[in-house]
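*Asks:* here are the coordinates; sequence isn't available:
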């Protein structure tokens, strides 16, 4: 009960504080204009903006003092540059994501863990570091109450704010008194609270908060506001206290609105304050966060990301069932693993904005024809849009996404220069390009398979971004073009519309051609059919009821690294359909599945397993598969089979009738003569009629295939073959099966029963103990009203497309032989459409190789 109350409080408190601040500042926010803010920023001297960004970066760099104290206190053997990188990643993420320091604590735990022998000691040290952030703010709050800093009347705006500032100011004095008392009494002080460590953290924290306050102060100076630094730092301190209390990520909203209210009390215009806050956030939060993503892209990959995913420690002694923490942890992992994707997306957004917003525009060539300028602008927009889409695959570290991103960055850079470029776009694109080149070894997968939802998202991002470009660019060129655009540049709505239409047509065409060219170079998985190697393997290692279908030649083979297991599969689209369970030794099944699935993932294929047995379903489940029951196969026990007795009177009558009419049963052994195979082909063609042969999981009439095993035939009294079945070895002791079952138009009713009875008797004579009659597809599958609709739909697809005959009555035909029924299943990936999967499988079965 207590935990639930705390969880609710953690959610409600930030929201309540933010709502209170918004309510208090509603008058001040009225009438604020984003357009006015845009114009103010545009009129600022660019040198001052660069200085502001530099100060912001230095302020974030100053926060590395915390990490140097931590490293020294724990005796970690780590380089200074590594310490700075870890600090930058942790602090830049913490400035944006916040959550009371959870981001920084989690990242430091992951990145420092391998450098300490005692993880518990590291966690305690990080907990001390996380709480020491308040020390500097406590000192600034003390300065407010003793008059060194002057926040004006802001501190008295709300009672909770006044009490919060008092509580914050008391933190340092209380801790100092605590240390003095402990020392006088001779009591043991925790290692993290030793005086030397405490005062080191205190100095680091004071430096951090003063540096952050100076960033805000210089933001106002940049905008021409000449105000006493003590007033700015005083308002900054009290607004920061509110941001800390709110627990809102990065203090966004609560800090900003209180700072706006406080500065407004000193007579500063709201538009100027809002602009200063925007500049502060850019210089102190978002630009450093961009560099943090760059460091994370280089450092937090491979084993580090795997550790974070498997053991995502966010902070010590935190109740991880709190929904905020769960969502925060998921967001943190996504950002780290997708740092390159985020960087690419931001770069695309900047390129698109540079084309839409007439700011800082320069050009190398001033006399380009207007129609050519429109094309160049359209190309720049197009490659910016591609950089917005490619992160969907860049997140998965595929080579295809790497080459596409590099191509888009290179062309975007070139076209931005020629069309008239924005300084930010031209500065950032080469950095991202170089970063991708340096990290190219991380891209090990060839490509990725897109689901319908992912493609829909890509289309949505592409169209939404293009639509917004058209609206924003039209407005900006119309209202601001005469102010900031030079005479040589186009600033008309017609130009924007032409560029939009060009990008609308160019992006899909370019992506399709690029993907088609790349996919042509992807090497296939596995080996071409080698029947001698396959036969040797099956005879030595064993197989199953479907292994013999490998001799059809319409599938590829994949052998395990230890040579003890084999998978046969075929490709359709971007999917690999594996026929049955692996052949060979069961001990090697986990190995071959792991190797095959890993290679398929690297090549960008999804894997489907068709007709697997129930016994190994747990193994597929461990690899993230779901199951659909395809039907059941009938296994006749030859040890107990007989046509004697009252219960088998019907079978005995069929057998005796064919005996009286002079029909004879023969099992012919390969190699077969051309004349014999021609007789069988005529029967097969009669049986097929206008229907086409199937393949993959069904045998078809192919002489090379039929030469691999005996064929059972039934001849009439004139010695003419009227029906045949090819016997299919199962490569397991005592078991046998059949594949093709075909008869001519002359065959009397009951011919298949007669052939089966003779085969059973022949199998008994040969010492076989079990006869596999094959599967009765969709036996009791998807027939119930309570069945999942996907199973019912898949059943309809499978029943109407897959085979040559209807499944109705097939189970009852086999049931007369009293077989044991064994389930057969389809294993498909989670989050994939079952009906779509079944449709692809049925297409593959109907696509027989010639």
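*Replies:* That came through, no problem. Because the structure is predicted, anything quoted here is derived from the model rather than measured.
*Asks:* list the residues that contact residue 621.
*Replies:* Residue 621 makes contacts with residue 627, as judged by Cβ atoms under 8 Å, 6 or more residues apart in numbering. In short, each C-beta sits where N, CA and C put it, glycine included.
*Asks:* any idea how far it is from residue 566?
*Replies:* To residue 566, residue 621 is 22 Å away according to Cβ to Cβ, to the nearest Å.
*Asks:* the protein: strands as residue ranges?
*Replies:* With strands called from DSSP state E, the chain shows them at 361-362, 421-422, 556-559, 565-572, 575-579, 583-584, 606-613, 625-637, 664-668, 711-715, 721-729, 735-743, 770-777, 820-829.
*Asks:* centroid-wise, who is the farthest residue in the protein?
*Replies:* residue 660 (68.3 Å; Cα atoms, centre = their mean).
*Asks:* give me the helices and strands touching the helix ranked longest in the chain, please.
*Replies:* Scanning the chain for the helix with the most residues, using DSSP state H, yields helix 452-484. Contact partners of helix 452-484 among helices and strands, from 3 or more Cβ pairs under 8 Å, 6 or more residues apart in numbering; DSSP states H and E: helix 34-42, helix 339-356, helix 370-389, helix 391-394, helix 493-519.
*Asks:* other SSEs contacting the last one?
*Replies:* Right, helix 493-519. Judged by 3+ Cβ pairs under 8 Å, 6+ apart, the packing partners of helix 493-519 are helix 370-389, helix 399-419, helix 452-484.
*Asks:* cool, and the shortest one?
*Replies:* Packing contacts for helix 391-394, counted by 3+ Cβ pairs under 8 Å, 6+ apart, involve helix 339-356, helix 399-419, helix 452-484.
*Asks:* point out the most buried one among the helices and strands packed on helix 493-519.
*Replies:* Using mean count of other Cβ atoms under 10 Å, the stretch among the helices and strands packed on helix 493-519 with the largest mean neighbour count is helix 370-389, at a mean of 23.
*Asks:* excluding its backbone neighbours, what's nearest residue 759?
*Replies:* residue 712 (5.5 Å; Cβ to Cβ, 6 or more residues apart in numbering).
*Asks:* about what we covered before: between the helices and strands packed on helix 391-394, which one is nearest to residue 597?
*Replies:* Closest to residue 597 of the helices and strands packed on helix 391-394 is helix 399-419 (Cβ to Cβ; 18.8 Å).
*Asks:* weakest of the helices and strands packed on helix 391-394 in terms of mean pLDDT?
*Replies:* Sorting the helices and strands packed on helix 391-394 by mean pLDDT places helix 452-484 lowest, at a mean of 74.
*Asks:* if we can go back for a sec, including mean pLDDT, could the strands of the chain go into a markdown table?
*Replies:* Listed next are the strands of the chain as a markdown table, based on pLDDT from 0 to 100:
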| stretch | mean pLDDT |
| --- | --- |
| strand 361-362 | 54 |
| strand 421-422 | 58 |
| strand 556-559 | 94 |
| strand 565-572 | 92 |
| strand 575-579 | 91 |
| strand 583-584 | 92 |
| strand 606-613 | 90 |
| strand 625-637 | 86 |
| strand 664-668 | 91 |
| strand 711-715 | 92 |
| strand 721-729 | 91 |
| strand 735-743 | 88 |
| strand 770-777 | 83 |
| strand 820-829 | 86 |
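*Asks:* which of those strands sits most buried?
*Replies:* Each of those was scored by mean neighbour count; the highest is strand 583-584, a mean of 26, by mean count of other Cβ under 10 Å.
*Asks:* tell me what that one is packed against?
*Replies:* With contacts taken as 3+ Cβ pairs under 8 Å, 6+ apart, strand 583-584 sits against helix 531-541, strand 565-572.
*Asks:* quick one: contacts for the residue most central in space within the chain?
*Replies:* By Cα atoms, centre = their mean, the chain has its centre lying nearest to residue 396, at 6.1 Å. Residues near residue 396 by Cβ under 8 Å, 6+ apart: 445, 448.
*Asks:* returning to what we had before: between the helices and strands packed on helix 452-484, which gets nearest to residue 172?
*Replies:* Of the helices and strands packed on helix 452-484, nearest to residue 172 by Cβ to Cβ is helix 339-356, at 36.2 Å.
*Asks:* can you list the strands of the chain in CSV and add distance to residue 842?
*Replies:* Formatted as CSV, the strands of the chain follow (distance: least, Cβ to Cβ, whole Å):
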stretch, distance to residue 842
strand 361-362, 57
strand 421-422, 53
strand 556-559, 20
strand 565-572, 10
strand 575-579, 11
strand 583-584, 24
strand 606-613, 10
strand 625-637, 11
strand 664-668, 33
strand 711-715, 28
strand 721-729, 22
strand 735-743, 19
strand 770-777, 11
strand 820-829, 11
